[in-house]
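Enquirer: Need coordinates for the following:
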Amino acid sequence: MARTAKRLSARAVQTLSKAGLHADGDGLYLSVKPTGAKSWLFIFQWDGKRKEMGLGKLSAVSLADARESAGEARTLVAKGVNPIEQRKAEKAKNADQTFGSFADALIDDLAPGFRNQKHIAQWRMTLKAYAAPLRPKRLDEIDTAAVLSVLQPIWQTKPETANRLRGRLERVLDAAKAKGLRSGENPARWRGHLDSLLPKRQKLKRGHHAAMPYKAIPDFMDALRANESLSALALEWCILTATRSGETLNATWSEIDRQNGIWTIPAQRMKGGREHRVPLTDCLTKLLDRLALLRREDDYLFPGTKKSRPLSGMSMAMQLRRMGQGGFTVHGFRSAFRDWTAEETSFPREIAEAALAHVFGDATERAYRRGDALERRRDLMAAWESHCDPESDGNIIVLRNRFRVFRAAKRPDKT
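Expert: Numbering: from 1, shown residues only. Here you go, the predicted structure:
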């Protein structure tokens, strides 16, 4: 007669109080001690003898996880491998593996799932620089005190970095436990653990990107265009497209569709993880002509000094400093664009948000609005270009009106 599997429910394993073994089926049991302590066991026959393999405490291993572990153990038994001896061999093999070597290997395994190289670099940097005291330690030596030793020095001074570091430590230690290289609670866990030991973090202040007033941008653009450096061209591109620094600096020629006047940024390079199309205005097209003269073997619009690498991430910020505008940030031009749209035009809010690649509206509204309003955004970006460069060929005056936007060619100044 076939054995009944999955007899237990998630509620049952929490409420069972009778001491003894409670079968879930297929060799998986919940062991309840007279003290009330609960743990998982996988029981199987090996060389005619009964064997018990511990799968962890109920507090650390869920019913679903216990079933998965028991399934893996059953597979080994079916192949003629003793799962207990297999686990001992793996643990002995990795007994001396350090936190540092394991973290580096884990990042390599996770790398294909990251959106871009920047995120991979951030993981490597935080787990090498800020977690340096943990790197020579064995994985099973990492305890709460060790975790606190790297978090406390930066918890209040660098709150965002500290929070990301804590999450990455938790991820590494969870992976180590999944591979049987450590056991017990995760010392980097926040809820119900570190939240009782560390003070409340200072909230990250939003809107901290110093933005040049949009009315000052035309004069700034005149000065910027007097500079022939590649960083100046990149900054001009970034301002006219209202994109983020990384989106501009990593732009490639293969993303440009000159025939249809579109720059398509792939999802993996976007902060929101969604493809973003940017309409190419007259000034951007002329910029492409200038960039084509500087094109190298690699595909980057703005190639760096190193082969197959884009321009440095600090290049545009340094350009601002060299022009005496170091008090403003590159990201701030996106804010200036948004302020100009709201105060000087009647373009709908959703068009402006789409131009910035922001998510707008609730899930239902987004489901019905499947397009990206490219052509309406083309008008908006042409108007923005006209504001930034009053002498451009596509001069447009955008007048606020209660109902619609009026666009007209600029009249020449009277002499």
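
Enquirer: contacts, neighbours, all on C-alpha from now
Expert: OK.

Enquirer: any low-confidence regions in this structure?
Expert: 1-5, 93-96, 115-116, 201-209, 359-371, 390-415 (pLDDT under 70).

Enquirer: can you list the domains in it?
Expert: 10-93, 99-196, 214-408 (automatic domain parsing).

Enquirer: Could you save those domains as JSON lines and add columns showing mean neighbour count?
Expert: Shown next, in JSON lines, are those (neighbours: other C-alpha atoms under 10 Å):
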{"stretch": "domain 10-93", "mean neighbour count": "16"}
{"stretch": "domain 99-196", "mean neighbour count": "16"}
{"stretch": "domain 214-408", "mean neighbour count": "17"}
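
Enquirer: Show me what the longest helix seen in the chain is in contact with.
Expert: Longest helix in the chain, counting residues (DSSP state H): helix 159-178. Residues outside helix 159-178 that contact it (C-alpha atoms under 8 Å, 6 or more residues apart in numbering): 102-103, 106, 123, 126-127, 130-131, 139, 151, 154-155, 182-183, 186-189, 201-204.

Enquirer: and it, how far from the chain's centre?
Expert: Offset of helix 159-178 from its chain centre (C-alpha atoms, centre = their mean, to the nearest Å): 14 Å.

Enquirer: got the CA coordinates for the helix or strand that it is followed by in PDB?
Expert: Later in the chain than helix 159-178, the nearest helix or strand by DSSP states H and E is helix 217-224. C-alpha atoms of helix 217-224 as PDB (Å, rounded to 0.1, in the frame of the first residue of the first chain):
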ATOM      1  CA  ILE A 217      20.300  76.500 -18.300                       C
ATOM      2  CA  PRO A 218      20.300  78.400 -21.600                       C
ATOM      3  CA  ASP A 219      23.300  80.500 -20.600                       C
ATOM      4  CA  PHE A 220      25.000  77.400 -19.200                       C
ATOM      5  CA  MET A 221      24.500  75.500 -22.400                       C
ATOM      6  CA  ASP A 222      26.100  78.300 -24.400                       C
ATOM      7  CA  ALA A 223      29.200  78.100 -22.200                       C
ATOM      8  CA  LEU A 224      29.100  74.300 -22.300                       C
END
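
Enquirer: what does helix 217-224 rub up against?
Expert: For helix 217-224, the external contacting residues (C-alpha under 8 Å, 6+ apart) are 232, 236, 387-390.

Enquirer: Reformat these into a markdown table and put secondary structure and distance to residue 160 next to each item.
Expert: Shown next, in a markdown table, are those (DSSP: H, G, I helix; E, B strand; the rest coil; distance: C-alpha to C-alpha, whole Å):
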| residue | secondary structure | distance to residue 160 |
| --- | --- | --- |
| 232 | helix | 31 |
| 236 | helix | 30 |
| 387 | helix | 36 |
| 388 | helix | 34 |
| 389 | coil | 38 |
| 390 | coil | 41 |
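
Enquirer: OK, contacts around residue 329?
Expert: Contacts for residue 329 (C-alpha under 8 Å, 6+ apart) come out as 209-212, 317, 320.

Enquirer: How much space separates it from residue 315?
Expert: 12 Å (C-alpha to C-alpha, to the nearest Å).

Enquirer: repeat for residue 253
Expert: Applying C-alpha to C-alpha to residue 253 and residue 315 gives a distance of 20 Å.

Enquirer: One more: residue 162?
Expert: Distance, residue 162 to residue 315, by C-alpha to C-alpha: 27 Å.

Enquirer: Next, give phi and psi for residue 56.
Expert: phi 110, psi 160 (degrees, to the nearest 10).

Enquirer: who's it bridged to?
Expert: Residues in a beta bridge with residue 56, per DSSP bridges, are residue 40.

Enquirer: Done for today, thanks.
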